[in-house]
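Engineer: how does the following fold in three dimensions:
(one chain, ligands or ions: 1)
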Amino acid sequence: MRIRGISVRDIRFPTSLRLDGSDAQHVDPDYSCAYVVLFTDSEAKGFGLSFTIGRGTEIGKLFIAPLVQAIRSLAHLVVGQDFEAIVKDFGAFSRRLTNDSQLRWVLPSVALESESSKELGPEKGVLHLAASAVVNAVWDLWGRTQNKPIWKLLTDLTPEELVSCVDFTYLEDALTKEEALEILRSMVPGKDKREEEIRSSGYPCYTTSSGWIGYDEDKIRNNLLISMQAGFSKFKIKVGQDLEKDKKRLRLVRSIIGDNRQLMIDANQVWEVDQAINWVKELAEFKPVWIEEPTSPDDILGHAKVAQALKDTGIGVATGEHCHNRVMFKQLFKSGGMQYCQIDACRVGGINENIAVMLMAKKFGVPVCPHAGGIGLCEMIQHLAIFNFICISGDLKHSVAEYADHLHEHFIQPARIKHGCYIVPDAPGYSVEMIGSSLINYEYPLGPKWREMFDKKLYEDPSKQVPPYVEHRPETRSSHFQRDDSHAVISAKPQIRNVAGSGAPSGEPGESSASVWTEHEAPDGRKYYYNTVTKASTWDKPDEMKTPAESFITQCPWREFTSDSGKTYYHNVLTKESRWSMPEELRLTKEAAQRGEKAPVSFDAPNSGGGGEAGGGSTSALDQAMAATLAAMTGGPGPAVPSDAPRPLPDGKHS
Ligand SMILES: C[C@H](O)[C@@H](O)[C@@H](O)[C@H](O)C(=O)O
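Structural biologist: Residues are numbered from 1 along each chain as shown. Next comes the predicted model:
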């Protein structure tokens, strides 16, 4: 079986409207992800995602020129600002740039001085998030082909096989391959018993959803009562904005949950080191088990200092969701800066790197308590936690996984909770395949749900925003810039496609020289498109080349195809239905597009398979750039005629 392609989509949910997921640092997160589908030359597919919190997701998607995109993403913080005011308080200005409440989720590791995407790491930031989505999708594919959920796939691997998944580079001074093998071998006896135990008890978790920072006291009270009724006995509450308010919240929380239920607190990196120590000491009376992310996640010595200073209080330091890679984890373990190890499914390079971290945690005697406050994270980390218990730690007493109760309805196999425990998942794979209608509705920014929100002015439509940066044009072209005083920026005209098949910029005044796509004809007469930079070919017209009406029409799940006999037919990428006659939905959409109206329908599909279908013309230019990168990595020359999955004909045959 060969992997033939990869698609990636920018999927976002408007969680900031209700402040779900908010914390002292990330005050308005829109839970989002770069959603990856791997296509193979068989029916099998693999699904993966990397979690983000809104702005910057488009950066996570890019394997090409992320630096350019990253800088553009910062433009809104610069354009419109008064220069004198900037230089007067330069520190505050530079902090705004490095600390945008949403971008910071993905941006900090982009090396702004670097020209090369290879230098964006090493092993951190945007590229690491991107890598983890792909690596996890490969694991998902593996689980599916073996007909096993990932935890079971991992559990059934031998110690030798598991160790071969791990990159031990830079770990030798903390964990050698031999030590890892020893740990895994020592845990082989009893594996079956632990599997049985976890199947019957479930994996214990705490909930974070009761106390996001933006919730008021009534909401916290209600949430706690509901969660307790559902069987939760462990709760995490956000702190760090205001000491007196924190005390008030925690007093309220303790008055509801009592003295015996567990409480964790999370500051999401807002404090200085000494400030963290003093603040947490003030909160010690509420007996939190841990303080999570007290300071910069990169400050290993700072964590060690906080942990040391809090030792007498019995409050441990928890961290990991922003820990870039296994090397940083190693330092946290060795320095004593982490008493609870919060692995994250996406932050490090996927399952493989997380195995290394879990093995180190075992060696240093630190319980693994995976982070899951984000979309799809609960779905994934349940597998890691269960595997860790069965094969590595054998400990359920100190290890607890996070649960955040948002957006599970968008997954085909959502995480399930009973009496405060994850029910062991049984479906093959890594549980992150999303429902087709969710993908269509929430694809940013063209999904119908987003269009509705733009219309209601809940969010600004990015297509209506003039880009707040100056578009560079070749010097030979003089008249490409317009002054738009209302936005106080210089903007460029939209990009216009190249001359078909020429591969060269059109050079017409007003046209962009930036489009890299050219149009070609396959031997059977079908048109296809070639990316002159990435050397990838695709049947689907790239977004950049689409007319506004064509872009609009891709919002409809019905696509038009031609059968071998030359007859036109229609296929629904959500329901998989095919028809000879044009469906009413598509007819209306086409008519509305011609009239320049908004989509007449929102596309709801049955809660069934097909969620990851790239679907006819729904892939974007970025999807294709990703596919292209993969193609480029396998070294294929272009422009090759693209291959394509057969689409079912109405009579059941395949085209
Ligand atoms: C912005 C996010 O919701 C974070 O607040 C969340 O991941 C949090 O750190 C957590 O531990 O769940």
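Engineer: residue contacts, the residue nearest to residue 303 when sequence neighbours are not counted?
Structural biologist: Nearest residue to residue 303, sequence neighbours excluded (CB to CB, 6 or more residues apart in numbering): residue 337, at 3.2 Å. Using the backbone N, CA and C atoms, a C-beta is placed for each residue, glycine as well. By CB atoms under 8 Å, 6 or more residues apart in numbering, the contact list for residue 337 reads 300, 301, 302, 303, 304, 306, 307, 317, 319, 331.
Engineer: quick one: buried ones out of those?
Structural biologist: 300, 302, 303, 304, 306, 307, 317, 319, 331 (16 or more other CB atoms under 10 Å).
Engineer: go through those and say which is closest to residue 289.
Structural biologist: The nearest member of those to residue 289, counting by CB to CB, is residue 317 at 10.9 Å.
Engineer: look at the closest one and tell me its secondary structure.
Structural biologist: Secondary structure, DSSP: H, G, I helix; E, B strand; the rest coil: residue 317 is strand.
Engineer: what's the pLDDT at it?
Structural biologist: At residue 317, the model reports a pLDDT of 98.
Engineer: what helix or strand is the residue nearest to it when sequence neighbours are not counted located in?
Structural biologist: Residue nearest to residue 317 in three dimensions, not counting chain neighbours: residue 307, with 4.4 Å by CB to CB, 6+ apart. Assessed by DSSP states H and E, residue 307 sits inside helix 300-310.
Engineer: separation between residue 175 and the ligand?
Structural biologist: From residue 175 across to the ligand, the span is 26 Å (CB to the nearest ligand atom, to the nearest Å).
Engineer: my read: that residue touches residue 361, true?
Structural biologist: No. With contacts defined as CB atoms under 8 Å, residue 175 does not count as touching residue 361, sitting 9.9 Å away.
Engineer: those two: which is more packed in?
Structural biologist: Neighbour comparison, residue 175 and residue 361: the larger count goes to residue 361, with 26 against 23 (by other CB atoms under 10 Å).
Engineer: how far away is the more buried one from residue 300?
Structural biologist: Residue 361 is 16 Å from residue 300, where distance means CB to CB, to the nearest Å.
Engineer: residue 231: how many residues sit nearby?
Structural biologist: Per other CB under 10 Å, the neighbour tally for residue 231 reads 11.
Engineer: quick check: closest non-adjacent residue to it.
Structural biologist: Residue 231 sits nearest to residue 419 (CB to CB, 6+ apart), 3.4 Å away.
Engineer: try residue 155
Structural biologist: In space, and not counting its chain neighbours, residue 155 is closest to residue 390: 5.1 Å by CB to CB, 6+ apart.
Engineer: now do the one helix or strand residue 199 maps to: everything it contacts.
Structural biologist: For residue 199, the host element (DSSP H and E) is helix 191-201. Helix 191-201 has contacts (CB under 8 Å, 6+ apart) with 155, 386, 389, 390, 391, 394, 396, 421, 424.
Engineer: tell me the pLDDT of the residue nearest to residue 160 when sequence neighbours are not counted.
Structural biologist: The shortest distance from residue 160 to any non-neighbouring residue, by CB to CB, 6+ apart, is to residue 181 (6.9 Å). Residue 181 carries a pLDDT value of 98.
Engineer: what about residue 181, distance to residue 76?
Structural biologist: Using CB to CB, we find residue 181 at a distance of 51 Å from residue 76.
Engineer: picking up where we left off before, the residue nearest to residue 317 and residue 336 touch, don't they?
Structural biologist: Yes. Counting by CB under 8 Å, residue 336 is a contact partner of residue 307 at 5.8 Å.
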